[in-house]
Structure formats: C-alpha cells, structure tokens
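A.B. asks: okay, predicted coordinates and the sequence, questions at the end:
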Amino acid sequence: AQSVTQLDSQVPVFEEAPVELRCNYSSSVSVYLFWYVQYPNQGLQLLLKYLSGSTLVKGINGFEAEFNKSQTSFHLRKPSVHISDTAEYFCAVSSKGGFKTIFGAGTRLFVKA
Amino acid sequence: NAGVMQNPRHLVRRRGQEARLRCSPMKGHSHVYWYRQLPEEGLKFMVYLQKENIIDESGMPKERFSAEFPKEGPSILRIQQVVRGDSAAYFCASSPPQGLYTEAFFGQGTRLTVV
C-alpha cells in the first residue's frame, strides 16, 4: 500500500519570499509523483510530475520539485511567491503500472502582502 | 480535445433522495476514478473503473454508494438515500490505457450539498 504525508497543514509566507512545501511518501514499488494545486471551489490543476529521469522537475508557475528516493521525499519549492499562489497544494503518488493515485491531506499556502 | 467533463457542477439534494453524478472521460481514455473531498480535507480515493468493470472499489462506502462505467455513455456515481455527511466535492479523473499512463486528468468536480 502507498501513502503520502504532507508535513505542514498550513504555510504562511510573505510575498516574494521563497517557500518549500514538504511531502514524504511510502511505497514498496516504484512510483510516479505529482503535485497538484487547487484554488477555492475549483478542480485540481497539475503543477508538475516525476515519472523518471532527472530528479529535479520543473513545473508551471515557477514551481519545481526534487525527487529524493533515499529520503522518499518530493518537496515542492518556489524561489519567490506571489499573492496569486495562495491555494491548497496536494502531493500525490501512484505506482508505475498501477493507476490509483493517492493524495496527501494538502498544504494550504497563504501568501501575505 | 475536451477535458474530463463532470455534471452537474452543483447538486442539492434533500436527505433521503438519490444523487447521480456523471463523468465523461477524455477522448481515448478507458479508465475512470472517483474521489471524494470532504470540507477542509484532501481527496480520498473511492473507486477505479474500466469500461463495464470495477477494478478497485476499496474506498467506496459499503452501503448506499455505487459506481458504473457502461460500454456507452458516462461513468455514474450514485448515492442512494443521501445524508448530510455525504455533502462533499466529488471529483472524477480519467487516464489512458495501461502502457500509456503518465497521470490522471481531473474534472472540475460536482459539489453535492445535502439539506
């Protein structure tokens, strides 16, 4: 079975500051990893995904994440956040060849002026 | 190529009524997944279907909930005799056949309110 732990339920940060949203996963098989963003009353938008290859993955809106297999982590980073980045961020995992995507509980990023 | 289409976007039901949520996957996708998001919580997996088959329903409540994905037409999530605790956002996702899978594509969700 797979699971995802997002270590912070809320992250307040000032505009233009860097941010890191932490994600750890557990799985007995090789995995695909994802970060999604959800704005209020909206659906999920894929920010980035790791399937294979380079462990540093770049996504939309200036976000990037690094896959660390030894630490089973997939932390999301942005060097300078904007007010518009205020949203809920979900880390997710699925097994390669499997199809069920398991989500973390989410991290609410709140960007302050 | 239209994305995953869910309807209705918002649904209000009185306690005891039935709710039917529809999901049309992206063209060429043969796998459908349903998730539930309770207020202030993450997405919980409910069920994974292929055409005419339920592959994994480990997240489905044992009673009142059912899902289908017929040969023709959309996937349906059906909730019978709804209760207030069923109020949530229900998201559908779809993906290509095995071997082509890289991610699931999500719809905008159906927000069910039980009054």
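C.D. replies: Noted; the coordinates are in hand.

A.B. asks: how about the residues of chain A by chain B?
C.D. replies: For chain A, the residues in contact with chain B (Cβ under 8 Å from any Cβ of the partner chain) are A:32, A:34, A:36, A:41-44, A:46, A:49, A:51, A:90, A:94, A:97, A:99-106. From N, CA and C alone the C-beta is placed, and that goes for glycine too.

A.B. asks: drop anything exposed from the residues you listed.
C.D. replies: Taking 16 or more other Cβ atoms under 10 Å in any protein chain shown as the criterion, what is buried in the residues of chain A next to chain B is A:32, A:34, A:36, A:43-44, A:46, A:49, A:90, A:94, A:99-106.

A.B. asks: do a quick rundown of the strands in chain B.
C.D. replies: All strands of chain B, identified by DSSP state E, fall at B:5-7, B:10-13, B:19-24, B:31-37, B:43-50, B:53-56, B:65-68, B:75-79, B:88-95, B:105-106, B:110-114.

A.B. asks: quick one: what helix or strand has the most centrally placed residue in chain A in it?
C.D. replies: Against the mean C-alpha coordinate of chain A, by Cα atoms, centre = their mean, the closest residue is A:Trp35 at 3.5 Å. Applying DSSP states H and E as the criterion places A:Trp35 in strand A:31-38.

A.B. asks: residues in contact with the helix or strand just after that strand?
C.D. replies: Counting by DSSP H and E, the next helix or strand C-terminal to strand A:31-38 is strand A:44-50. Contacting residues not belonging to strand A:44-50 are listed as A:32-39, A:57-61, A:63-65, A:67, A:74, A:76, A:89-90, B:43, B:91, B:102-103, B:106 [Cβ atoms under 8 Å, 6 or more residues apart in numbering or on different chains].

A.B. asks: measure the closest residue to B:Phe45 other than its chain neighbours to B:Phe65 for me?
C.D. replies: Using Cβ to Cβ, 6 or more residues apart in numbering or on different chains and skipping the chain neighbours, the partner closest in space to B:Phe45 is B:Gly59 (4.3 Å). Counting by Cβ to Cβ, to the nearest Å, the gap from B:Gly59 to B:Phe65 is 10 Å.

A.B. asks: equivalent analysis for A:Ser3, please.
C.D. replies: For A:Ser3, the distance to B:Phe65 - Cβ to Cβ - is 23 Å.

A.B. asks: out of these two, which sits in the more crowded spot?
C.D. replies: Remark: of A:Ser3 and B:Phe65, B:Phe65 carries more neighbours, 19 against 11, as counted by other Cβ atoms under 10 Å in any protein chain shown.

A.B. asks: what's across from the closest residue to that one other than its chain neighbours in the sheet?
C.D. replies: Among residues not flanking B:Phe65 along the chain, B:Ile79 sits closest, at 5.6 Å (Cβ to Cβ, 6+ apart). Residues in a beta bridge with B:Ile79, per DSSP bridges, are B:Ala19, B:Phe65.

A.B. asks: hang on, isn't B:Ile79 packed against B:Ser87?
C.D. replies: No - counting by Cβ atoms under 8 Å, B:Ile79 sits too far from B:Ser87 to count as a contact (10.6 Å).

A.B. asks: give me the common contacts of the two.
C.D. replies: Joint contacts of B:Ile79 and B:Ser87 (Cβ under 8 Å, 6+ apart) are B:Leu112.

A.B. asks: which one of the two has more residues nearby?
C.D. replies: A direct count of neighbours by other Cβ under 10 Å for B:Ile79 and B:Ser87 places B:Ile79 higher, at 23 against 16.
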